[in-house]
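>>> fold the stuff below for me.
(chains A and B)
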Amino acid sequence: MTCKATKNSQGLQFGGTMPVLHPVRLPHKHFCPYSGVPYVNFHIWHGVLLIATLALVVTASASTGDQGRLGIWDTLVKWTPLLLSGFSVNLLMSIAAMAIGTVFGVILGLCQISLMPQIRTGSWLLTQIFRNSPWLVTLFYVMYVIPFEFDLFGTRIALSDWSKATFGLSLPVMANVSEIVRGGVQSIPAVQWEAARGLAFNHRQTLWMIILPQAAKRMLPPWMNLYAILTMATVLGNIVGVTEALTLTREIIAAEARTDLLLPLYGYVLLMFFLYVFPISRLTIYLERKWAVDA
Amino acid sequence: MQFLADLFLHLYEEYDINFIVFFDQWEFDRYVKAIGLTLKLSVLCIMFSLLIGVAGAWLQRSRVAPVRWLVYAYVQVFRNTPPLAQLYFFYFGLGTIMPRFRNEMGLMEPFLGNFEWAVLALSLFAGAFNVEIFRSGVEAVPKTTVEAASALGYSRLKAYIYVIFPLAFRISLPGLINNIVNLLKTTSIAYAIGVAEVLYVAQQVWAVEFNVPEMMTLVLVTYLAIVSIFVWLMSRLRRHMRIPGYDM
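Just a heads-up that it's a prediction; the model follows:
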């Protein structure tokens, strides 16, 4: 992985770097200042080493597949479709909870910067309650307090476990989005408000046409970060009985009745989440640096 | 205390609102013990995660490249996977392949119990965040300060201990507080491997008493109280550690 050099601040450049004897030991530069990715220079022998290790692991696990049992590798391949279907439940829950949480969170966040003190205090309290209680506890709360079915105009509506869990997860998301909105709006310098007033914008116009468009850019990275956290929180559904990736893993282990599968299978689930969440968090850091306001 | 017990007993008998924890001595003791265990778990995890954070931030500046890659890989893996999946990986995955030994009663006992695994997994989880927080704190220490220290004859390690770290700690304190609050809340997932902390005991109580809304409310208030007290203590610490001229 290499990193593109950022703009040269001096503007003046000599051909090539000149050897300079520094009076002090310069700090190591291990991370690209732009993307935060560490400098890693891959050579061909790295790839050879990696492939050799992988091949060794696969053959070693395949060779244990005698006496009628599948090797670890084959077992993982066999269960992959089921695990992926479980993982898609996680993704579905994360997207739905994010959508619900964002809609209500934005409303709550705007209430937090309302000009009316009662609304401000009330929404602040609501935000703090859901922000400072554990996700698992709010999830339990919703799972046990909301009935599994109810009558609406004579038709019986049954609520599935996953939809209830999604609602339970959207509450802390709502509170966090509310804080992001409040923080984003308050991070816009006060001179913007004053300038808008000077140009005869009223309060609402200033907020919607001047402040929020600027704040949106600052709110996006923490919002994406929140999504990554939410995606990782969806496995909590396992504790309250939603059939998602981790639940299926436990069922697979129970079905196979083999202890040597425990480590690979849980590692496999970890890998799935990592492959999904890692790019999101890299992108978040990238956007954060790109849109950072120079102090 | 007796007044409170009477009040809640009255509430139960008249309105059927069952906060049994407040008027039954046995349940009260059990719940207090659970709060104690949550606090113990939190304190241990905070300590270990801080150690991991400091050590990781130091190792990330190591002159040996593979060490830096290892720290980077550790941080990214633990930051980008669900803590519950990590806990399961440790407890069910690693826990089963760990050696067992015979205790004094002649029963086979695992090498680490569920509490110890919870401490380990949660410390590693929070530690990964702390590494990043400390690293950015260390990077935020002005270069001139570091140079001044080395000009005064501080070695690399001594400069880190006496000059860089005290400043970096103050800079990274807000991020640290945030992360530890997050850790306090995450301790509730230890419920999943049967650590008898607040949520677990509450669940045991409502399984018998069928008072789910009351117990859930109590759990919510308990966590809010723990977090609020911690945040209050930390704001005092920040004021106490303030250096004039460094407004943080």
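>>> residues touching the residue in the stretch 1-150 of chain A positioned nearest to chain B, list them.
With Cβ to the nearest Cβ, the shortest gap between the stretch 1-150 of chain A and chain B falls at A:Pro134, namely 3.9 Å. No exception for glycine: its C-beta is placed from N, CA and C like everyone else's. If a contact means Cβ atoms under 8 Å, 6 or more residues apart in numbering or on different chains, then A:Pro134 has B:Lys185, B:Thr186, B:Thr187, B:Ser188, B:Leu199, B:Tyr223 as its contacts.
>>> could those go into a markdown table alongside neighbour count and pLDDT?
Below are those laid out as a markdown table (neighbours: other Cβ atoms under 10 Å in any protein chain shown; pLDDT from 0 to 100):
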| residue | neighbour count | pLDDT |
| --- | --- | --- |
| B:Lys185 | 21 | 89 |
| B:Thr186 | 22 | 90 |
| B:Thr187 | 29 | 91 |
| B:Ser188 | 26 | 90 |
| B:Leu199 | 27 | 89 |
| B:Tyr223 | 23 | 90 |
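>>> looking at those, which are in helices?
Applying DSSP state H to the contacts of A:Pro134, the entries found in helices are B:Lys185, B:Thr186, B:Leu199, B:Tyr223.
>>> for chain B, which segments count as helices?
In chain B, helices defined by DSSP H lie at B:2-15, B:20-23, B:25-59, B:65-79, B:83-88, B:95-97, B:114-140, B:143-151, B:156-159, B:165-186, B:198-209, B:212-240, listed in chain order.
>>> return the most buried member of these.
Using mean count of other Cβ atoms under 10 Å in any protein chain shown, the stretch among the helices of chain B with the greatest mean number of neighbours is helix B:83-88 (a mean of 25).
>>> contacts for that one, please.
Contacts of helix B:83-88 from elsewhere in the structure, counted by Cβ under 8 Å, 6+ apart, are A:232, A:235-236, A:238-239, A:246, A:249, A:266, A:269-270, A:273, B:78, B:117-118, B:121-122, B:124-125, B:186, B:189-190, B:192-193.
>>> what about the stretch 1-150 of chain A, any weak spots by pLDDT?
Low-confidence segments of the stretch 1-150 of chain A, defined by pLDDT under 70, are located at A:1-44, A:46-47, A:50, A:54-55, A:57-70, A:149.
>>> go again using 90 as the cut-off
For the stretch 1-150 of chain A, the stretches flagged by pLDDT under 90 are A:1-80, A:113-116, A:128-134, A:136-150.
>>> in chain A, where's the longest helix?
Ranked by residue count, the top helix of chain A under DSSP H comes out as helix A:72-112.
>>> chain center to the next helix or strand after that helix: distance?
The element immediately downstream of helix A:72-112 (helix or strand, assigned by DSSP states H and E) is helix A:117-131. The offset between the C-alpha centroid of helix A:117-131 and the centroid of the whole chain comes to 24 Å, using Cα atoms, centre = their mean, to the nearest Å.
>>> same question for stretch B:121-138.
Relative to the mean C-alpha coordinate of its chain, stretch B:121-138 is positioned 12 Å out (Cα atoms, centre = their mean).
>>> center of chain A, which residue is that?
With distances taken as Cα atoms, centre = their mean, A:Ala228 lies nearest the centre of chain A, 0.6 Å away.
>>> which residues does A:Val77 contact?
A:Val77 makes no contacts at all, as judged by Cβ under 8 Å, 6+ apart.
>>> again with the one 5 residues further on
A:Leu82 makes contact with A:Leu248, A:Ile252 under the criterion Cβ under 8 Å, 6+ apart.
>>> I'd like the distance between A:Ser170 and A:Gly109.
Here the criterion is Cβ to Cβ, to the nearest Å. By it, A:Ser170 lies 15 Å from A:Gly109.
>>> my bad, should have said A:Arg131
As judged by Cβ to Cβ, A:Arg131 and A:Gly109 stand 12 Å apart.
>>> neighbour count winner among these two?
Applying other Cβ atoms under 10 Å in any protein chain shown to A:Arg131 and A:Gly109 shows that A:Gly109 carries more neighbours, namely 25 against 18.
>>> just the element for the spatially closest residue to that one that is not a sequence neighbour, please.
With Cβ to Cβ, 6 or more residues apart in numbering or on different chains as the measure, A:Val181 is the residue that lies nearest to A:Gly109, at 2.7 Å, once sequence neighbours are left out. Per DSSP H and E: A:Val181 is located in helix A:161-186.
>>> residues in contact with whichever helix or strand comes after that helix?
Using DSSP H and E, the helix or strand that follows helix A:161-186 towards the C-terminus is helix A:190-198. Residues outside helix A:190-198 that contact it (Cβ under 8 Å, 6+ apart) are A:Gln205, A:Thr206, A:Ile210, A:Ile211, A:Gln214.
>>> may I see the buried residues of helix A:190-198?
By neighbour count, and taking 16 or more other Cβ atoms under 10 Å in any protein chain shown as the criterion, the buried residues in helix A:190-198 are A:Trp193, A:Ala196.
>>> packing partners for the very next helix or strand once past that helix?
Proceeding N to C from helix A:190-198, the next assigned helix or strand is helix A:203-205, under DSSP H and E. For helix A:203-205, not one helix or strand is in contact under the criterion 3 or more Cβ pairs under 8 Å, 6 or more residues apart in numbering or on different chains; DSSP states H and E.
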